[in-house]
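*Asks:* Okay, sequence plus prediction incoming.
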Amino acid sequence: MTRRELRKHLVRLLFLRDFHEADELEEQNQLYFDVLLPNEGIDAENSEEVLEKYKRIVDKLPETDQLLTSEMRKWNLKRVGIVERCILRLCVFEMKYDEVPVPVAINEAVELAKLFGGEQSSGFVNGVLARIVDKF
């Protein structure tokens, strides 16, 4: 599995986390790992890699969200679209906790926004990340 494929799965899982109620989340995640990943040809070893990184991201969400919120002028993180919020969270996690080079993380975030977001998502994601890049 490539790093880009891993990132796609992480964005999807973060989306599930934001989209579903807490009492539905465990079932939704289980379906993702039991049905979707095998249907996409992802083996058990790669599934474990996805799960491990997802858990690490979720553990750091309070810190990640605090950083994003502090740098988003006139925006509340809850007002940001779910897709864009998930991509921003993943990117900040990668830059701050996963030692992904800043330019690589930002480029991947913009590409994910083009793939999963709306027409203006990539510009929005790039703009937010440009404001926080000096924190890394």
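*Replies:* On my side now, so go ahead.
*Asks:* Distance check, the spatially most central residue of the chain against His9.
*Replies:* By CA atoms, centre = their mean, the chain has its centre lying nearest to Leu90, at 3.3 Å. The gap separating Leu90 from His9 is 10 Å, by CB to CB, to the nearest Å. No exception for glycine: its C-beta is placed from N, CA and C like everyone else's.
*Asks:* Endpoint to endpoint, stretch 67-81 covers what distance?
*Replies:* 17 Å (CA to CA, to the nearest Å).
*Asks:* Centre of the chain to that stretch, how far?
*Replies:* 15 Å (CA atoms, centre = their mean, to the nearest Å).
*Asks:* And the residue nearest to the centre of the chain, which helix or strand is it part of?
*Replies:* helix 82-97 (DSSP states H and E).
*Asks:* next one: Val100
*Replies:* Per DSSP H and E, there is no helix or strand for Val100.
*Asks:* excluding its backbone neighbours, what's nearest it?
*Replies:* Glu94 (3.9 Å; CB to CB, 6 or more residues apart in numbering).
*Asks:* which residues touch the residue nearest to the centre of the chain?
*Replies:* By CB atoms under 8 Å, 6 or more residues apart in numbering, the contact set of Leu90 is Arg7, Leu10, Val11, Leu14, Ile57, Ala109, Leu112.
*Asks:* Which single one of these is nearest to Ile132?
*Replies:* In terms of CB to CB, no member of these lies closer to Ile132 than Ala109, at 11.4 Å.
*Asks:* Tell me how far the closest residue to Asn76 other than its chain neighbours lies from Asn39.
*Replies:* Leaving aside its chain neighbours, Asn76 sits nearest to Thr69 (7.3 Å; criterion: CB to CB, 6+ apart). Per CB to CB, Thr69 is found 36 Å from Asn39.
*Asks:* So for those two, which residue has more residues nearby?
*Replies:* Counted by other CB atoms under 10 Å, Thr69 and Asn39 do not tie: Thr69 has more neighbours, with 13 against 8.
*Asks:* ok now whatever helix or strand the more buried one lives in, how far from the chain's centre?
*Replies:* Taking DSSP H and E as the definition, Thr69 sits inside helix 61-71. Here the centre of helix 61-71 is set off from its chain's centre by 13 Å, with CA atoms, centre = their mean.
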